[in-house]
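sequence first, then the predicted structure, then my questions.
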Amino acid sequence: MIRDIGSSIGNAIAENIGRAAGRVQENKPLPSDLLESDDAYLVVFDAPGTTASDIQVRYIDDRVEVRIDRFRDFYDGFEMRYPGRGLALDGSVTLPSDAVVDPETAQATLKSNGTLHVRVPKAETDHDEDDVTDVGVETDDGEADAESEADADNETADADADDAAESADEDDEAA
């Protein structure tokens, strides 16, 4: 009986410590590096234990923003004793104030070593600073996030439908 109480208290303490450690990790920004070449900026984020579908990348104003919502795997024959990893992680990097970039052609690649590389090409002219640009995430084996591919397919279908409607309108005006 006393042993059961001691075990129960020990489990509760371990669980609370684990949850606190996870909250600390979730409140700290993702570690990142900002690199620059002649033609682009490269932002590298630590993104351990994620898949491309777990990651959202956006370019907002002059910032690259990343949101990771990862999930815990279940392991047969094991129970959770210490939930210490944060599941919702965020990070952002502000580009230099004189940066002129083309966020529409930005690329994000999740590498097999658990880093996320976001490449934002430099541009000749400045973009509209109020724009928000979503960046699709690929894995380093070239597979695009299925959701991003579906979005791209939908955008292509929408554009095709718009073109067909415009063509029909022009035909009606010509007749």
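Received it, and whenever you're ready, just let me know what you need.

what are the ranges of the strands in this structure?
Listed from the start of the chain, the chain has strands (DSSP state E) covering 32-36, 40-46, 55-60, 63-69, 88-94, 107-110, 115-121, 132-135, 137-139.

where does this structure dip in pLDDT?
Scanning the chain for pLDDT under 70 picks out 1-4, 6-7, 10-11, 14-26, 82-86, 126-130, 142-175.

spell out, range by range, the helices that occur in the chain.
For the chain, helices defined by DSSP state H occupy the ranges 2-27, 146-174.

hmm, back to that, for the strands of the chain, which one sits closest to residue 9?
Comparison of these against residue 9 by CB to CB identifies strand 88-94 as nearest, at 29.0 Å. Where C-beta positions appear, they are placed from N, C-alpha and C, glycine not excepted.

elements contacting that closest one?
helix 2-27, strand 32-36, strand 63-69 (3 or more CB pairs under 8 Å, 6 or more residues apart in numbering; DSSP states H and E).

in its sheet, what does that strand sit against?
With DSSP bridges as the test, strand 88-94 is paired with strand 63-69 (antiparallel).

okay, how far is it across stretch 97-116, tip to tip?
End-to-end distance of stretch 97-116: 23 Å, with CA to CA, to the nearest Å as the criterion.

and that stretch, what's buried?
101-103, 106-110, 115-116 (16 or more other CB atoms under 10 Å).

ok, which pair from those is furthest apart?
Counting by CB to CB, the most remote pair of the buried residues of stretch 97-116 is 102 and 115, 22.8 Å apart.
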